[in-house]
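# quick check, what structure comes out for this input:
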Amino acid sequence: MKKILVIMTGGTIGSCLNNGVISVKKDSCRAVELYRERYDDGAELHTVELMNILSENLDKSHWEKLVNYILSSDLREYGGIIITHGSDTLSYSSAMMGFCLCGLGIPVVLTAADLVPDLPESNAVDDIRGSVAVIKRMKSGVFTVYRNPGESECAVYLATRVLEADRVRGCFGSFDGAPFAHVRDGELEFTGIIDPGVIAGNICPPDITLPFSLDNDVLMIRPYPGMDVSEIRIGERVKAVLHITYHSSSASADGRGSVLKLLSQCRSRGIELFLASYPENQALYETSCALIRNGAVPLLHISDEAAYTKLLLGVNIPNEDIRSFMERDIFMEALR
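Below you'll find the model as predicted:
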């Protein structure tokens, strides 16, 4: 098989443990070194350290750097790309890379680790092995690989559907309820949630020009009881607002937390307010109906991470109609 490009960005998978403190270690590709030592499977991994951060420190500039590097590189000698990443913001970077890199024509896999690679209980080497398995099996698409604590096999998620890990167990999930596949003995076993044969035909990459930049902002708001929207200031660089709904696709339309007040602010700025996420062809609560009647735009069947990163991408593509962009499926982010 062709070589695999491994782009290291830091995170626990590229870190070391010193006196009880986890910190990124420059020039560390220990997980890849351990993988080479344990498995002689013919995979040739070429490593590049593009950045070296803990992923909680990630911001838009790191996405810009990653996308610009990949889209401006000559990838003809590579059969796929592995991006090693921190677990904290893995789901957000997965979604953004899913949108930006789905049209590469080779598989891209993001992965992370729960513990530094040298600890015997770390999942780092398993996750590298699982990433290689995806590249060997898939011809295109963007995926996330991670072995959750307490599980013996890596899960493979569609990058635009993976959900942030919970704070107690550290387990990732999928917006559609189950992973795309599991990795067993270095091979993929598909769960049946998505037919792997349809992935290549469901890629509609956005029109990204280089240099890729995310100068415009999106304000994402998560509601909570007692929230006072009058305390929220919409900055000048904000070109769209994303309001996350409660689980029943509802949001406040009365009192201090009323989204109607946010809609008024958005109208005065000439920007859209989007609500995520809504079911299709189902009855809605009167609060949701009131918001939609007053101009809020419902997004259907999409995770918070995918909604935010897609909207952020959309407001930074010149001459793109943002409503039309959000309605278009890029990489199977919306459940149908």
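
# C-alpha only now, for contacts and for neighbours.
OK.

# buried stuff in the biggest helix by length in the chain?
Using DSSP state H, we find that the single longest helix of the chain is helix 124-137. For helix 124-137, burial by neighbour count (16 or more other C-alpha atoms under 10 Å) applies to 124-136.

# for that helix, which helices and strands make contact with it?
With contacts taken as 3 or more C-alpha pairs under 8 Å, 6 or more residues apart in numbering; DSSP states H and E, helix 124-137 sits against helix 30-38, strand 78-84, strand 108-111, strand 142-146, strand 154-158, strand 187-190.

# will you turn the buried residues of helix 124-137 into CSV that also has distance to R256 and pLDDT?
Converted to CSV, these look like this (distance: C-alpha to C-alpha, whole Å; pLDDT from 0 to 100):
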residue, distance to R256, pLDDT
A124, 46, 96
V125, 49, 96
D126, 48, 97
D127, 46, 98
I128, 48, 97
R129, 50, 97
G130, 48, 97
S131, 47, 98
V132, 50, 97
A133, 51, 97
V134, 48, 98
I135, 50, 97
K136, 53, 96
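
# in these, find the pair that's most separated.
Using C-alpha to C-alpha, the two most remote members of the buried residues of helix 124-137 are A124 and K136, lying 18.7 Å apart.

# and the end-to-end length of stretch 168-183?
End-to-end distance of stretch 168-183: 24 Å, with C-alpha to C-alpha, to the nearest Å as the criterion.

# and it, average pLDDT?
On average, the pLDDT along stretch 168-183 is 97.

# now do the domain split for this structure, please.
As given by automatic domain parsing, the domain ranges for the chain are 3-202, 217-327.

# which one, of those, ends up nearest to E333?
Of all these, domain 3-202 sits nearest to E333, with 5.1 Å by C-alpha to C-alpha.

# how big is the angle separating the longest helix of the chain from strand 78-84?
Angle, helix 124-137 to strand 78-84, by axes from the mean of the first three to the mean of the last three C-alpha atoms, to 10 degrees: 150 degrees.

# contact partners of helix 124-137?
For helix 124-137, contacts defined as C-alpha atoms under 8 Å, 6 or more residues apart in numbering pick out 1, 13, 31-32, 34-35, 43, 79-82, 107-117, 144-147, 154, 156, 183, 186-188.

# the same query, at a cut-off of 6 Å, please.
Residues outside helix 124-137 that contact it (C-alpha atoms under 6 Å, 6 or more residues apart in numbering): I13, A31, Y35, G80, P107, V109, A113, P117, Y146, V183, G186, E187.

# among the residues you listed, who's most crowded?
Highest neighbour count within the contacts of helix 124-137: I13, with 34 neighbours (other C-alpha atoms under 10 Å).

# helix/strand/coil for that residue?
Look at I13: counting by DSSP: H, G, I helix; E, B strand; the rest coil, its state is helix.

# as a check, name the ranges of all strands in the stretch 101-250 of the chain.
Ranges of strands within the stretch 101-250 of the chain are 108-111, 142-146, 154-158, 162-163, 173-174, 181-184, 187-190, 217-221, 238-244, based on DSSP state E, counting those that start in this stretch.

# most neighbours per residue, which of those strands?
Most buried of these, by mean neighbour count (mean count of other C-alpha atoms under 10 Å): strand 142-146, with a mean of 30.

# so what strands line up beside that one?
Note on strand 142-146: by DSSP bridges, its sheet partners are strand 108-111 (parallel), strand 154-158 (antiparallel).

# can you give me how far it is from the chain middle?
Remark: strand 142-146 is offset 9 Å from the chain centroid, using C-alpha atoms, centre = their mean, to the nearest Å.

# report the rounded mean pLDDT for that strand.
Strand 142-146 comes out at a mean pLDDT of 98.

# same check on stretch 196-208?
Here stretch 196-208 scores 95 as its mean pLDDT.

# tell me which residues in it are buried?
Buried, per 16+ other C-alpha under 10 Å, within stretch 196-208: P196, I199, A200, I203, P205, P206, I208.

# make JSON lines out of those and add distance to R328.
Shown next, in JSON lines, are the buried residues of stretch 196-208 (distance: C-alpha to C-alpha, whole Å):
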{"residue": "P196", "distance to R328": "21"}
{"residue": "I199", "distance to R328": "16"}
{"residue": "A200", "distance to R328": "16"}
{"residue": "I203", "distance to R328": "11"}
{"residue": "P205", "distance to R328": "10"}
{"residue": "P206", "distance to R328": "10"}
{"residue": "I208", "distance to R328": "15"}
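
# that older thread, out of the contacts of helix 124-137, the closest to L313 would be?
Of all the contacts of helix 124-137, V109 has the smallest distance to L313: 19.8 Å, by C-alpha to C-alpha.

# contacting residues for the closest one?
Contacts for V109 were tallied using C-alpha under 6 Å, 6+ apart; they are I82, S131, V142, F143, T144.
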